[in-house]
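Student: Quick one, what's the 3D model for this:
(one chain, ligands or ions: 1)
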Amino acid sequence: MCLAECLVEWESLFEGDVGRAQDMHQTILDAVGLDFYQEKYVQLMYNLRRNPALLQKDAQTLVRMTDVELAKGTDTEKHMERQARKRRKLQRVVKSCIHIFGQVEDEGGEDDVEWIRCKRCKTTNVSWTQKQTKCADEPMNVYCTCEKCGSRWVI
Ligand SMILES: [Zn+2]
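Tutor: Prediction:
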């Protein structure tokens, strides 16, 4: 997409307000330069389309806002919060994993992963695998299977 096309997109976003479109366009160019224009354009266009409240802010303010600030109060923010929660959960899992495997080594190597317990039958005889869902930057899910009663769940 070339700059002229971007300008047209700004015009359509601002409902034909050419002055505002040019101001937005020029403000981005001044702030990040030609090399990063596209990146900033995509970020702002994405957020402005999804979050009409942002349209009340001026170009200078918008250009300086971070992804997190732009996403405030939107589905994107909720999504990012969910992702952050998932990451924290995984970090806890990994921590306890390191803890347990450290212990297992000290005790001479047991296969049981003691920190995962089946909710249905309370056994710790649970096997698990980690799988990447969708994109690489998302945290991994831990898929658990109870070896005793066959219960399956995801952490
Ligand atoms: Zn079970």
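Student: residues of the host helix or strand of H25 that come out buried?
Tutor: The secondary structure element spanning H25 is helix 18-32 (assigned by DSSP states H and E). By neighbour count on 16 or more other C-beta atoms under 10 Å, the buried set for helix 18-32 is R20, A21, D23, M24, H25, T27, I28, L29. C-beta coordinates here come from the backbone N, C-alpha and C atoms, glycine included.
Student: which of the residues you listed lies closest to R92?
Tutor: Proximity to R92 was ranked across the buried residues of helix 18-32 by C-beta to C-beta; first place goes to I28, at 40.2 Å.
Student: What sits closest to that closest one if chain neighbours are left out?
Tutor: K40 (5.0 Å; C-beta to C-beta, 6 or more residues apart in numbering).
Student: element containing that neighbour?
Tutor: Assigning secondary structure by DSSP H and E places K40 in helix 37-50.
Student: contact partners of that helix?
Tutor: Counting by C-beta atoms under 8 Å, 6 or more residues apart in numbering, the neighbours of helix 37-50 from elsewhere in the structure are 1, 3, 6, 9, 13, 24, 28-29, 31-32, 54-55, 62-63, 67, 70-71, 74-76.
Student: Looks to me like C144 is in a strand.
Tutor: Yes. Checked against DSSP: H, G, I helix; E, B strand; the rest coil, C144 lies within a strand.
Student: With adjacent residues omitted, what lies nearest to it?
Tutor: Of all residues not flanking C144 in the chain, W128 sits nearest, at 4.5 Å (C-beta to C-beta, 6+ apart).
Student: one step back: and the helix holding H25, what other elements does it pack with?
Tutor: helix 3-13, helix 37-50, helix 59-64 (3 or more C-beta pairs under 8 Å, 6 or more residues apart in numbering; DSSP states H and E).
Student: Where in this structure is the helix or strand with the lowest mean pLDDT?
Tutor: Least confident element among the helices and strands of the chain, by mean pLDDT, DSSP states H and E: helix 75-106 (a mean of 71).
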